[in-house]
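S.K.: Structure for this input, please:
(one chain, ligands or ions: 1)
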Amino acid sequence: MRVAIGSDHAGLEWKEKVKEILTSFGYEITDFGTKSKDSVDYSDFGLKVAHAVADGDVDYGVNVCGTGNGMAMASNKVNGIRAGLALNAEMSHLTRLHNNANVLILAQRYTPEDELEEILKQFFNTKFEAGRHVQRIKKFMEEEG
Ligand code: RB5
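M.R.: Residues are numbered from 1 along each chain as shown. The predicted structure follows:
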């Protein structure tokens, strides 16, 4: 599995933990930064991850910021991206099962550290359910320019 990861300063710690966990799963990680606690704009890093997924350079992306909102908004602006927020393992499971998410969004301020591993397991081990969800996704994907 090839996974791109990114964060701003407010998501840096969780991004580093995500890198550790995904590496322990044997996944190939591309880390687009940020790499220090200096204040940065989440868009610069989140968009790199989203484009890597949209271009097929990696299979999935994980973007982390403080609340998850900025990273979700930025990621979802890129054509082909379905970025889903997970504040717990069930949200992670459902955003793959129902929304066929290809970018996982984490909120360092609200996603609990002790759930990170289970959140990642759920995201990467859950298959899209398809069925009734196909037309729901098709309807909003058609909004893309
Ligand atoms: C950074 O302070 C914070 O605004 C950012 O990480 C994120 O929460 C934005 O949505």
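S.K.: Just give the nearest non-adjacent residue to the residue in the chain that the ligand sits nearest to, would you?
M.R.: Among the residues of the chain, Gly70 lies nearest to the ligand; the distance is 2.6 Å by C-beta to the nearest ligand atom. Glycine gets a C-beta too; all of them are placed from N, C-alpha and C. The shortest distance from Gly70 to any residue other than its chain neighbours is 4.5 Å, reached at Tyr42 (C-beta to C-beta, 6 or more residues apart in numbering).
S.K.: residue contacts, Thr34?
M.R.: Gly6, Ser7, Asp8, His9, Leu12, Val40, Phe45 (C-beta atoms under 8 Å, 6 or more residues apart in numbering).
S.K.: picking that back up, from what I can see the residue of the chain closest to the ligand touches Phe45, true?
M.R.: No - under the criterion of C-beta atoms under 8 Å, Gly70 is not in contact with Phe45, lying 10.4 Å apart.
S.K.: Between these two, point out the one with more neighbours.
M.R.: Counted by other C-beta atoms under 10 Å, Gly70 and Phe45 do not tie: Phe45 has more neighbours, with 28 against 20.
S.K.: Mind giving me the PyMOL select for the contacts of Thr34, buried ones only?
M.R.: What follows is the PyMOL syntax for the buried subset of the contacts of Thr34, where burial is set by 16 or more other C-beta atoms under 10 Å:
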select buried, resi 6+7+8+9+12+40+45
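S.K.: Return the subset of the contacts of Thr34 lying in strands.
M.R.: Residues from those lying in strands, with DSSP state E as the criterion: Gly6, Ser7.
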